[in-house]
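Novice: how would this look folded up:
(chains A and B)
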Amino acid sequence: MDSGTWDGSAAAAVTDDYDFLSSTNDAELLKRAWRTEKAAPEILQFEAGLVDRSREQIQLVEETLEELMTSGSDPLTVSLNQMDMDRTLFLLRSYLRTRLQKIEKYMVHIHKNTELWNRLSEQEQKFAKRCIEDLEEHFEKSVLSKLPDRYKSSVKQSVISEEDDMVPEPQLDTYVICRTKRSLGALQLDNSGIEDPVDLDPGDLYAVRYKSIKSLVYSGQVELV
Amino acid sequence: MYGKKACELVKEFSSSESGQLSAFNTNLFAQVNEECNFHFHQLQSLLSKMQEEGSDNQTARNADHFGALIHHLSLVRNKRCLMAYVYNRAEVLRSLCWMVDPLPEEIQEKLSSSEKEYSKNHSATIKSYQSETDLDLAVDMVPPKDPYIKVRVLDDIGSVALSDQIANLARHAILFLRRTDAETYISQGLMEELTD
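Specialist: All right, here's what the predicted structure looks like:
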């Protein structure tokens, strides 16, 4: 048996394990979800399980903290735990906030499109519906009620428009900065028709059009920074 | 010239500093609305005139047809401008809803009555999401560096039970508070953060 090869693959397995572990750590996953959500122009799938687990984790640390405080242990330990919890809380809040602000911006567009709509959590769907109602009412009172009948729609310019031509949509062909953990092989990054596959090297940063990598973002193979 | 006033309205918004609101231009807004109605009446009378003459407005290519088209397009353009004005202001309002609540007097003064109502409704919408998820999203706006920050109290708030202590928040007192506790007061303008 060639021991050299065996050693090599064992070492590889160890680093793989490390990668695997760090990529299943919830704090790491939350940070990643938050960063990707912040950078993506459109709304992404709500990370329900991750959010639930993070909240449980926060609760747990809160309880531990109380215990530590009552038992009068080292202030440094308390402070470190506190900081850890604060950071997780920040990530969680900012993640949810980023999503809500995206929903505010593209509410009608998200509501029309079943695929996008299903990416929202139940509470977010309620939020979106109320946002739309609020804004429609505001439009109605300020502008639409004063316009002639055939021009009263908030999504169409007039009855002649065949499609909804007044709905703000995200720009999916904007550039994003992305990074991949492992090699994904050659990718065709634009629809120009010219064969020009690009190799995304693991760990390197690339600026590409969001549209061309969005399926990789959905599957978690590529992360945005 | 048709559409000039609507254009002024949009320009007025876009020349204001981003994230800031100037007073709602009720006067100009009403004038654009009037212009819309004027276009509509012209459009109506041209269409009925064409009907009387028996010309089909799909195929006829005479002065009346193009006149009607101009009025329609001007109307649609005015509508777009009005909507853009209201929509973009609403966007600023929404971002303000995240930062301060309730809106201070000097901002309220600049809003139309519908905008006041909208900001109130939208604040309530954000609140109802927060109470459903049982999470305060109005704090932690910037990444935390230190769990405690140094603040100066700007108003007599009195004795308050905070998450880790009971503090006497008297005016001008300088204290170390938990950041999450302090942020609520800061957003209400009752405290300011001191940075060294």
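Novice: For stretch B:136-155, list every residue counted as buried.
Specialist: Buried positions in stretch B:136-155, judged by neighbour count with 16 or more other CB atoms under 10 Å in any protein chain shown: B:Leu137, B:Ala138, B:Val139, B:Asp140, B:Pro144, B:Pro147, B:Ile149, B:Val151, B:Val153, B:Leu154. For the C-beta atoms, the positions are set from N, CA and C on the backbone; glycine is no exception.
Novice: my bad, should have said stretch B:37-46
Specialist: Buried residues in stretch B:37-46 (16+ other CB under 10 Å): B:His39, B:Phe40, B:Gln42, B:Leu43, B:Leu46.
Novice: just these that are near chain A?
Specialist: Contacts with chain A within these, counted by CB under 8 Å from any CB of the partner chain: B:Phe40.
Novice: May I see the buried residues of stretch B:37-46 arranged in JSON lines, with pLDDT and secondary structure as well?
Specialist: Formatted as JSON lines, these follow (pLDDT from 0 to 100; DSSP: H, G, I helix; E, B strand; the rest coil):
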{"residue": "B:His39", "pLDDT": "92", "secondary structure": "helix"}
{"residue": "B:Phe40", "pLDDT": "92", "secondary structure": "helix"}
{"residue": "B:Gln42", "pLDDT": "90", "secondary structure": "helix"}
{"residue": "B:Leu43", "pLDDT": "90", "secondary structure": "helix"}
{"residue": "B:Leu46", "pLDDT": "88", "secondary structure": "helix"}
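Novice: which one among the buried residues of stretch B:37-46 gets closest to chain A?
Specialist: B:Phe40 (4.4 Å; CB to the nearest CB).
Novice: Does B:Asn78 touch B:Cys36 like I think?
Specialist: Yes: contact criterion CB atoms under 8 Å: B:Asn78 and B:Cys36 qualify, at 5.1 Å.
Novice: Quickly list the domain ranges of chain B.
Specialist: B:4-133, B:148-193 (automatic domain parsing).
Novice: Secondary structure element for residue 27, which one?
Specialist: As the question left the chain open, I've gone with chain A. In this assignment (DSSP states H and E), A:Ala27 forms part of helix A:26-39.
Novice: that's the wrong chain, I wanted chain B
Specialist: helix B:26-53.
Novice: What helices and strands are in contact with that helix?
Specialist: helix B:4-15, helix B:63-99 (3 or more CB pairs under 8 Å, 6 or more residues apart in numbering or on different chains; DSSP states H and E).
Novice: Can you tell me which of those is nearest to B:Phe24?
Specialist: helix B:63-99 (7.3 Å; CB to CB).
Novice: what is the mean pLDDT for that closest one?
Specialist: The average pLDDT for helix B:63-99 rounds to 91.
Novice: Same check on stretch B:109-126?
Specialist: Computed over stretch B:109-126, the average pLDDT equals 93.
Novice: How about it, which residues are buried there?
Specialist: For stretch B:109-126, using 16+ other CB under 10 Å, the buried residues are B:Leu111, B:Ser112, B:Ser114, B:Glu115, B:Lys116, B:Tyr118, B:Ser119, B:Asn121, B:His122, B:Ser123, B:Thr125, B:Ile126.
Novice: Around chain B, which positions in chain A sit nearby?
Specialist: Proximity of chain A to chain B (CB under 8 Å from any CB) is limited to residues A:79, A:82-83, A:86-87, A:89-90, A:92-94, A:96-97, A:100-101, A:104-105, A:123-124, A:126-127, A:130-131, A:134-135, A:137-139, A:141-143, A:146-148, A:151, A:154, A:157-158, A:160, A:166.
Novice: quick one: which of the residues you listed sit in helices?
Specialist: A:79, A:82-83, A:86-87, A:89-90, A:92-94, A:96-97, A:100-101, A:104-105, A:123-124, A:126-127, A:130-131, A:134-135, A:137-139, A:141-142 (DSSP state H).
Novice: so what's the most centrally placed residue in chain A up against?
Specialist: Residue closest to the average C-alpha location in chain A (CA atoms, centre = their mean): A:Glu37, at 2.5 Å. By CB atoms under 8 Å, 6 or more residues apart in numbering or on different chains, the contact set of A:Glu37 is A:Leu44, A:Tyr95, A:Thr98, A:Arg99, A:Lys102.
Novice: Right, I'll leave it there.
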